[in-house]
Every structure is written in C-alpha cells, then in structure tokens.
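[1] Model the following, please.
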Amino acid sequence: MNLSEYNAIIPLVTAGVYTLIFVFLFLRGIQSSSKQVRWLLAALAFSLGWEFSLFFTRLAEYPNLPISLLILSTACIFIVTAEYLDWKPNRRWYVLGILAIVSVILINFLEPQESFVISDVPIRVSQLLSLSTWIALHGLTLGFSILFYRQTKFPWHANRLLFWILSLFALFIGESLLLFNLLVPVVVGQTLRLLSFVGFVYALSSYRIFDVRTRSQKAYAFIIINTLSGLPLAAAIFVVQQYINELTSLQLAIIISAIVVFWFFFYQSFRNLIERITYRYILGEDVNTNKVVREYSQAISKTLDMQQLSILIVGTLSELLEINRGALMLVTQKEDNLYEIEPIPAMGRLSREPFSFRWDSVFIESLVKNHQPVLQYDLDFNPDFNSLSDESKLWLNEQAMEVYVSIKEGAQLVGLIAIGPKNTAVPYQPSELELVQILADQTVVALQNARLYGEMGDQNEKIRNLNNNLVEQNERLEIMDRVKSDFITIASHELRTPLTQVKGYTDILSAMNEENALTREQTREIVNHVNRATLQLEGLITAMLDASQLDVDGMQLTFVKTKIDTIIRLAIEPLAQASRERQISIGMQGVEELPSIQADFKRLVQTFTNIIGNAIKYTPDHGSIAIEARVIPSHEVDDDHIEIVISDSGIGIDSKFHELIFEKFFRIGDPQLHSTGSTKFKGAGPGLGLPIARGVIEAHGGQIWVESIGEDESILPGSKFYITLPVTPKGAFVNSNGDSNSQPSYLIG
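    Coordinates of the predicted model:
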C-alpha cells in the first residue's frame, strides 16, 4: 500500500474516532450548559469536517478547504482555553481574530492559486496567510495558558493548567507533523491530535486531574531504576558476545554461573539500593510517621499559649512539607447556628479577622462529616462545593491556603490547621495529607488546654480591669463625696452673699427711713442693689431647679427653627462687658454659614452662655476664645449634624477631670477659695453650668465633651469644648413647611 492510499485511509479512521469522542461528549452532557463544552463540540465538528476534506481532497473543488477547517477548529480551541482559564479577553481580540479568520477563509476560496516568488520559489498567498493565522492562534493559546500557569499560586490549580498545556502542545505538535507528507509523521501527528482531544474531554469531565508532575517523576524514576538495574546483566551479555569465540566451555559455564548467582542473591539488594537513591533525589525521602507523631505530641503537650501552639504546629509541618504559610484556626460554635473561625497566624501574613459560616455550610459539613482535608482546589472546582456562598469563597481565597484540616473533639469541630502551598509547587500527596490529619487528631487535647489557659488569662485580665475600674470608681466616689461636702460650703456661700446684701440694704433702708434721711436718689440706689442681689439669688435657684430636672422626669424642650449664629451672639451679649474689662477677645469662624436647625432657642442660649462664661473664667486676662463651626454631612437622609468647637487659651483641665466637670456641683479648686464672681479669673459658681449644658445638648440628641492636654497656669495649654447637634433632632416634629410644631421632647434622667 503506497502513501496516497494510507493518506486516504488514515483520515477516515481518525474521523471515526473523532465521531466517537463527539458522541460521548454529547451524550454524557458534561456540564452541557457551559461554554467550554459547546465550543469543544464545535472544535470536534470542524475536525470531522477537516478529516473528511482530507479524504476527499482530490475531489474537492476548493483545494484550501482542509486548512480553512483546521483554522476554525484551532479558533474554537482558543475559545475553549479562554473559558477554561476563566480569562476574559478584550473584545478587540475577538474582533481582530474574527476578521483575520474570515479574511483568510475568503482568500482561500476566492484566490486559492494567487502566489508570489521568492528566490525562484513560488509561494501561495493563501497558504502563507493560513499558516500564519494557524501559528498565531496556537501561539496565543499556548502563550496565555503558560502565563496563567506561571501566575497560579496553588499547586493543584497549576496541575490542572499544566495538563491543559500538555494537551495543547500535543495538538500543536500533532498538527505540525501533518505538514510533512510522510507516513510516520502523519500517523504520529494524527495520534497526538486525537490524544489531545481526549485530554480536553478528560480535563472538562474531571474536576480533579491526576498529578502530572508526580506521575512524570515516577515514570522517570521507573525508567532510571530499570535501566540501572539491568546494566550489570546487559554488560555481562555484551562481554559474553564479544569474547564467546575465545572462551572455553568451562569459562563460559563459570561466567554464566556467576551471572545466575549474582542475579539470584544480589540483584534484589542492588535494585533496592538504586530505588532508594533514585526516590531520594527524585521523589524525596519518606517520612517516619511514628517518629514525627511521637515528637509532635511531646512538643505540643508542653505548650499552653495559643500563639505559640500555632507557631509550633505550622513550624513542624514546614519542616516536613516545606511550606512557608500556615495558621491554626479556632472554631467556636455560636448560639445562632454559626461557626466562627478565627485565624491565629503562624507563618506568612494573614488577617486575624474572624469569619462566620452557617452550620449547614458545605465547607463545615465536609470537615465535620468526612473528617478529610479540604483542598482549596475542591472549593474552586468540585461541583459539591458550588453551594458555598460568595462571601465564604472570598474569605477562604483571601487566606491563600491550600489545605484545611479539621481538629475535632468527638463530633464537634473545634479548630482547623490551614497550610499553604509547598515551596516545591508540587501538590500534596495522599500520604502527606494523611500525616497532616494524624497530627491534627493529636492536637485536640493541646488545643483545648490552650483555649482553657487563654480563657483563664482573659478572665484574669477582666478581673484586673474590674479591679482597676473599682479603684477608679472609688476615687470617683471619694471625689463626689468631697464634692457633696464642698457643695454645702459653696451653696451656703452662694446663697448667703445675696441674702447678706438684701438684709444689709434693707436694714440701711429701715434705719434711714426712721430718721427721714432718705432722698429719692438714695432710695433708688438701695433698691437697685437689692434687685441685683435678688436676681443673683433667683439665678442660683433656677440653676438648681434645672439641675434637679436632670435626675427626675427630664427637661422639657420646645423646638423651633433657629440659627446657631443668633444663639451664640445672644449668649455672648451678657458676657461682653466682662470680656472687655479683662481684654479677652472672642472670635467666630464658620458660624454664619451653618444651616438653620430645630432647637430650643432659650435652652441653647443658656447652654452657650454657660460654656463661654466658663472659658472666660479660666482664661487669664489678655487671652482669647475662638468659636469655630462646621457641618458634618451624613449618608442618611435628615441626619446631618453641626459641630461647634469653643477653644480658649486658658489654664486647661486635668485629664482626670474631663468627665467630672459635667457632674453636678463639681468644681476644680479649693472650695475655701470660692468666689461668687461669675467672670473673674478662676471665679466659680456652684458647679451647675456645665452639667446643665450637657443635659440640654443631649436632650437635643447631641454630644458635648472636652479635650485638654492638662492644667498648667504657666504654659496655658487651653481647653476645647466640642458640641455636636443634629440639624433635625428626633424629638422635633416638623410640618410640611419645614417649621416646628413646637412639640416637646424630653431628656430622660
């Protein structure tokens, strides 16, 4: 049979095999909804057409039909590869590819004989363009596959791509051999092309591809072992053949006997030696499992710290498996049917942010029920894990771990050992995964001990904090107890001063009246003094009543639409004379730009008067007070806030008093040095201004706090009072016109 007859039969035979593959793929419906399978079916269909066109090439009207069908098949393989890699090429790639393929096919059919001459050699344009397009398609397919393979960090993922790349190489080499019009290259080329399609079908139908590198290493080892083991016998046979004519029958019998004795007594030992050496340098040394487990159990039994336990576990596995990433993960079952997993990093950068899985999560169920390691490859490609939520997949991907091994106490999952890929980039072997699971089973007691030890440490820390809080509370109670005692002194002084004035002036008025010595001007002056004293007394009583409302039913507020600018100016007005006398400047910035707010106008004027007055009291003469304001926008509707900062250049406030100054009757300083001067330097009232201010601000749904680095009359660090108020408090009822309905809200004490 000549070459032309073979060229006629081979395409028919391979077409039959392609048909079987096509039918198998179609009937099995391997992930039939996926684009990968549909485009592979298209590639098989074009391959069938290509084989039949080769058979009928002598009868075909268009001689370039086979190469056109081959290009279409190659283009389909390119798309299958893009889907397999989960690669989303830019649309321009597809547009350029379609234009190139369509152009080549049109030239093949319209101008198949068009040619040009290079060095007296005629070259067809259609053949050159077809060959260039075919090479470009294969080059892009292989190039991007290799690029994705090099970027893959997980060995099993890389193994999947490696198998696909080998199938693509087989396809390319097979089609390249078909360019030679020789029998052997044609048979080998068709065989390789068939095998490549079998590989494609296998890769799409099996989520777990066999370990290509390990199988290859074992194949290399098998060849080396058998080759080296057979060398002595081959050498003996060669020597005998060379000198058989020169040997006597006795010498020949001795040599043959020596070979038989060596083969019978020493061959197996010789082969075992070669196997050990070969496996050591190709596959690595075997691990003594019993020794590893014994040393591991002894080491972890002495460790009670959770972080140290994690480092010890991952460090042991790093020495055995050559990994550079790993962590111990604590699993806690919550009351709401959630399993919270908290990583304890040991090697590699890893977030300690915990994540919660539902009790029926396929990830948790697999770890609990199967008691088998779960690979990241399974999470990505095993159909059984398709129900895993996107959030869970994202968190697991962020961990960048290759294997998750369960630590169970009975039927309860208490922890995980998570390890990253091996440095050798070789997938974990079953024996290695079994060893990791054995070590995980040995970790249960040590993990429970470490958790108990950690919980005891947490309890001790809580007790220590409680003790510290008790000390602080005791100090606070002592201060407040002293404040109550001081209040009697301060209150009696605050009340006695105006009463003394009233009594003194009334006595003078009575005495002078009896003597008929009063003039109209004298009477008016005495009455004015009495009025001032009574107003001072009335203000003190009003402040006490306001403070008492903070502890009873609350402070009633009436909301109206108002401007902070107006409130602050009215608050400053009664303090203007004192600030001028003491030469304290008051500046404002950003207040006029604030929007109108719903607020109790009168109460806010009272509040800012108290705060600004407090700043004046504790600022030395020639000082300054700054009032700054801004809007704090919110993403929610009607939830904008304004912030007012009142800062002074005064003596500052000790940090331990930052909260106490908002307590009723508390004041800084010796009560024996108390002065009723409301605006004189370090003058003080009964200690009610700031508590009332906080009550009013919080009744509006706002906040008030103070910041100061400390108290020092020499460097004058100053203080900053921060006030935030909602533009529309929740207690304010606003009508359709944006005006308040004057409905009250209450501050609950």
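
[2] pLDDT score for residue 403?
    pLDDT, residue 403: 92.

[3] Then residue 168?
    Reading off the per-residue confidence, residue 168 sits at a pLDDT of 94.

[4] got it, and residue 631?
    According to the model's per-residue confidence, residue 631 sits at a pLDDT of 91.

[5] hey, what's the residue nearest to it when sequence neighbours are not counted bridged with?
    Nearest-residue entry for residue 631: residue 642, 5.6 Å, with adjacent residues in sequence omitted and distances by Cβ to Cβ, 6 or more residues apart in numbering. C-betas here are computed from N, CA, C, even on glycine. With DSSP bridges applied, residue 642 shows beta-bridge pairing to residue 631, residue 725.

[6] Give the burial count for residue 642, as a bare number.
    Around residue 642 there are 20 other residues, counting by other Cβ atoms under 10 Å.

[7] now do residue 603
    Each residue near residue 603 was counted by other Cβ under 10 Å, and the total is 22.

[8] Spit out the contact partners of the residue nearest to residue 631.
    The neighbours of residue 642, taking Cβ atoms under 8 Å, 6 or more residues apart in numbering as the test, are 564, 594, 595, 597, 629, 630, 631, 632, 724, 725, 727.

[9] how about a cut-off of 7 Å?
    Contacts of residue 642 were listed using Cβ atoms under 7 Å, 6 or more residues apart in numbering, and they are 564, 594, 597, 629, 631, 632, 725, 727.

[10] Just the buried residues of those.
    Members of the contacts of residue 642 that pass the buried threshold by neighbour count (16 or more other Cβ atoms under 10 Å) are listed as 564, 594, 597, 629, 725, 727.

[11] ok, those residues vs residue 521, which is closest?
    Checking these against residue 521 by Cβ to Cβ gives residue 564 as the nearest, at 43.6 Å.

[12] ok, that closest one - contacts?
    Neighbouring residues of residue 564 by Cβ under 7 Å, 6+ apart: 591, 594, 597, 629, 642, 644.

[13] Closest one of the buried ones among the contacts of residue 642 to residue 172?
    Closest approach between those and residue 172, by Cβ to Cβ: residue 727, at 69.9 Å.

[14] among the contacts of residue 564, which are in strands?
    The strands, defined by DSSP state E, take in 597, 629, 642, 644 from those.

[15] mind checking the end-to-end distance for stretch 240-256?
    With Cα to Cα, to the nearest Å as the measure, the first residue of stretch 240-256 is 9 Å from its last.

[16] Check stretch 278-291 too.
    Counting by Cα to Cα, the terminal residues of stretch 278-291 are separated by 23 Å.

[17] tell me the mean pLDDT over it?
    Average pLDDT, stretch 278-291: 67.

[18] Stretch 323-338 too?
    Averaging pLDDT along stretch 323-338 gives 86.

[19] Dump the C-alpha coordinates for it into CSV.
    Taking C-alpha atoms only, stretch 323-338 is exported to CSV below (Å, rounded to 0.1, in the frame of the first residue of the first chain):
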residue,chain,number,x,y,z
ILE,A,323,5.7,25.2,53.4
ASN,A,324,6.0,29.0,54.0
ARG,A,325,2.4,29.8,55.0
GLY,A,326,0.1,28.4,57.7
ALA,A,327,-2.1,29.1,60.6
LEU,A,328,-4.1,27.5,63.4
MET,A,329,-7.8,28.4,63.2
LEU,A,330,-10.1,28.4,66.2
VAL,A,331,-13.7,27.3,65.6
THR,A,332,-16.3,28.4,68.0
GLN,A,333,-20.0,27.3,67.7
LYS,A,334,-22.3,30.3,68.3
GLU,A,335,-25.8,30.2,69.6
ASP,A,336,-27.3,31.3,66.3
ASN,A,337,-26.2,28.2,64.4
LEU,A,338,-23.0,29.9,63.3
